[in-house]
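A.B. asks: Sequence plus predicted model, see below.
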Amino acid sequence: MSDATPNRTGYTACPHDCPSTCALEVDLIDERTIGRVRGSRDNSYTAGVICAKVARYAERVHHPDRLLKPLRRIGAKGDGRWQEIDWNDALDLTAEGLLAAEQRLGSETVWPYFYAGTMGLVQRDSIQKLRHAKRYSGQFDSICTNAAWTGFFLGAGTVAGPDPREMAKSDCVVIWGTNAVSTQVNVMTHASRARRDRGAKIVVIDIYDNPTAKQADLKLILKPGTDGALACAVMHILFRDGLADRAYLERYADDAAGLEEHLQTRGPGWAAPITGLTESEIEEFARLVGNTKRTFFRLGYGFTRQRNGVVNMHAASCIATVTGAWQYEGGGAFHSNSAIFGLDKSEIVGSALCDPAIRHLDQSQIDRVLTGDPQALRGGPPVSALFVQNTNPVNVAPEQRKVREGFARQDLFVAVHEQFMTETAELADIVLPATMFLEHDDIYRGGGNQYIVLGPRLIEPPEGPHSNLFVINELAKRLGVPDQAQFGSDAETLIDNLLRCSGHGNLAMLKENRWIDCQPDFETSHFIHGFGWPDGRFRLRLEWRNADAPNRPPASMGPQGPHDRLPSFPDHVELIEDAETDHPFRLATSPARTFLNSTFSETVSSRKREGRPEVMIAHVDAEALQIADGDLVAIGNERGSVRLHARLVHGLKPGVLVSEGLWPNHAFVDGEGINVLTGADSIAPFGGAAFHDNHVWLRR
């Protein structure tokens with residue numbers, strides 16, 4: 001990181017796949033060099049705080065291993081032999097590869113594959129316009145948000161809630177299923193303020209004693225996939241002890257009587273052996289939230305990445321309805337504010353060009369798609385060409401052995417637009433160097449907050465990299481899209497049109513103000529006039545067959561997973577990949593503090609902080625298997641096995657293993673990463689990837 005004196009300060013937003021979307025201040029040393037990166041003190045959610053990895057962003061921008069020149073593969077796939085070529089040749093070859101595949105097998109053989117390496121609405125989503133214009137296969141975005149959003153939506157009828165800044169006004173903050181210290185530090189900013197200013201209690205519910213749990217006044221360490229059982233037992237106690245707000249339920253819930261009857265057999269004695277908690281722990285938590293009206297349930301993504309994750313999210317959100325916490329400032333349940341912004345992205349994504357008859361392929365099942373699974377291909381041709389932006393599936397996607405097998409196909413053409421030589425780029429035919437967020441224009445919206453934030457170009461990129469939008473527009477020229485005018489706008493024009501069409505002013509206004517606060521008023525945010533369903537009532541009882549969701553699969557895909565086994569009321573549903581004789585342990589692949597998915601694993605400071613790939617093991621399990629701290633161990637299941645080092649820890653239930661951080665595959669002893677062990681089968685009812693739901697064996 002440069003220690004030079006900055007010439008000026010630039011203002012932008014963090015582009016990474018984190019709900020905080022922090023507003024940033026960046027020291028600009030000269031036209032190509034940055035210094036320190038700080039959270040904006042003027043932004044009331046960021047509040048001057050950012051995570052350590054983004055604070056060191058100069059290390060990424062000025063990294064010596066950045067991709068700077070387009071590359072063409074000249075050896076066998078994966079052997080690392082490349083030839084530098086100029087941009088025109090690289091774009092021509094990319095277009096030729098896509099056109100050749102299309103001419104052989106039709107347009108649906110081409111699959112543009114992308115995700116959230118940048119959360120910018122222009123640079124991330126413009127690939128969709130090219131997809132629609134060329135009638136390429138669609139992508140069903142299932143890998144991250146789907147289970148969580150579905151579970152919350154099924155209760156509240158929307159994905160929104162109380163102002164997340166209200167955590168600072170709470171008397172109890174429940175951080176459920178998210179290691180906020182590591183993954184969304186601003187949650188801790190506001191929760192800690194409530195504790196300091198109001199004496200609020202912080203409760204953390206998670207599967208291990210992570211950095212967030214270590215800051216809790218009450219921590220509940222439970223078995224993975226058992227959150228629904230905990231929620232049911234808590235609500236049982238609330239009804240049993242007269243702590244349920246019956247007047248609120250009468251006005252705002254659909255079937256409180258049915259829920260109460262259902263919960264009669266689901267008390268703490270039932271939940272304790274399922275969750276691994278003691279009855280007294282469950283009772284203490286229930287009394288705390290039942291007697292604390294201003295309880296803010298901050299519900300994360302982690303506990304939904306189970307095969308019963310939708311049920312878990314819905315069950316946890318129901319507690320705030322039983323207590324009536326939604327009525328109070330600093331109370332209620334919050335997961336994401338994704339529904340409040342009302343942004344019209346139709347020009348950016350080319351909505352008018354979309355043909356609903358084109359098949360959709362599940363991004364979480366890229367392994368099955370590329371290895372020719374007929375069900376994954378949805379009745380269409382094999383995928384013989386990929387164009388990849390903003391994601392690294394050879395490291396990130398489940399069922400890694402099949403992913404790599406698919407990418408190694410000799411008949412598969414792959415072009416990757418990237419910032420570093422990722423393991424996906426290593427298997428490409430063409431690699432194109434990409435700009436970073438400070439080097440192009442974009443616009444961002446919060447998930448964990450309520451802001452739309454401008455991300456202007458603050459520095460010039462090094463010679464070579466180009467933005468996603470540039471590449472999409474240039475490919476459109478070469479691919480013969482029917483309406484070239486659709487691909488002529490620059491990022492500033494698209495941002496200005498987006499704001500105007502969405503009723504958020506214009507780009508000039510956003511440049512002046514830096515961000516837009518979109519938080520609805522108190523009564524709307526707290527559903528005082530009713531929840532998002534036509535009758536205004538929170539859904540305690542679910543009709544899965546007729547359910548809706550923000551990202552429901554297209555009709556051609558239909559419901560996903562074992563949806564016929566989902567319960568009507570909150571419950572513990574036995575859909576998880578449970579431990580059994582041959583696989584007596586359950587493994588979660590949790591986030592590390594200084595990696596963000598596969599991003600930052602290339603920076604020296606992050607790798608130094610994280611050390612090496614390890615698996616956390618409870619002392620009692622290690623003793624039984626004669627495993628010492630630091631031993632090399634193997635973990636495996638029917639999908640494969642990996643070797644990594646043991647780390648013995650306290651605060652982990654027997655039979656539970658945790659491996660933090662998405663390390664590059666080559667960082668492991670055998671060159672295969674942790675996602676060898678994760679499955680790609682869909683979460684019911686509308687899809688998702690169950691990254692934290694894996695049964696495994698463990699051997700010394």
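C.D. replies: Yep, that arrived.

A.B. asks: doesn't Ala147 fall inside a helix?
C.D. replies: Yes - counting by DSSP: H, G, I helix; E, B strand; the rest coil, one finds Ala147 located in a helix.

A.B. asks: so who does it touch?
C.D. replies: Thr304, Arg305, Gln306, Gly309, Val310, Met313, Ile683, Phe686, Gly687, Gly688 (C-beta atoms under 8 Å, 6 or more residues apart in numbering). Quick note: C-beta positions are derived from backbone N, CA and C, even for glycine.

A.B. asks: can you give me the strands for the stretch 1-150 of the chain?
C.D. replies: 8-13, 23-30, 33-39, 71-73, 82-84, 110-114, 138-140 (DSSP state E, counting those that start in this stretch).

A.B. asks: for the stretch 201-350 of the chain, same thing?
C.D. replies: 201-206, 218-221, 295-299, 332-334.

A.B. asks: For my notes, please list the ones you listed in a markdown table and give distance to Tyr11, mean neighbour count and mean pLDDT for each entry.
C.D. replies: Formatted as a markdown table, these follow (distance: least, C-beta to C-beta, whole Å; neighbours: other C-beta atoms under 10 Å; pLDDT from 0 to 100):
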| stretch | distance to Tyr11 | mean neighbour count | mean pLDDT |
| --- | --- | --- | --- |
| strand 201-206 | 31 | 26 | 98 |
| strand 218-221 | 37 | 20 | 98 |
| strand 295-299 | 27 | 28 | 98 |
| strand 332-334 | 27 | 25 | 98 |
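
A.B. asks: Quick check: phi and psi on Ala485?
C.D. replies: phi -60, psi -20 (degrees, to the nearest 10).

A.B. asks: mind checking how far it is from Asn390?
C.D. replies: Here the criterion is C-beta to C-beta, to the nearest Å. By it, Ala485 lies 25 Å from Asn390.

A.B. asks: So which of these two has more stuff around it?
C.D. replies: Asn390 (23 against 7; other C-beta atoms under 10 Å).

A.B. asks: I figured the more buried one hits Tyr115, correct?
C.D. replies: Yes - under the criterion of C-beta atoms under 8 Å, Asn390 makes contact with Tyr115 at 5.6 Å.

A.B. asks: okay, now Thr212: neighbour count?
C.D. replies: Thr212, neighbours per other C-beta under 10 Å, totals 25.

A.B. asks: for it, what are its contacts?
C.D. replies: So Thr212 contacts Ile175, Thr178, Asn179, Ala180, Val181, Ser182, Met188, Val204, Asp206 (C-beta under 8 Å, 6+ apart).

A.B. asks: make it 7 Å
C.D. replies: By C-beta atoms under 7 Å, 6 or more residues apart in numbering, Thr212 lies in contact with Ile175, Asn179, Ala180, Val181, Val204, Asp206.

A.B. asks: pretty sure the second one is in contact with Ala588, am I right?
C.D. replies: No - the pair Asn179 and Ala588 fails to qualify as a contact (C-beta atoms under 7 Å) at a distance of 10.9 Å.

A.B. asks: so where's the stretch 351-500 of the chain shaky on pLDDT?
C.D. replies: For the stretch 351-500 of the chain, applying pLDDT under 70 flags no range at all.
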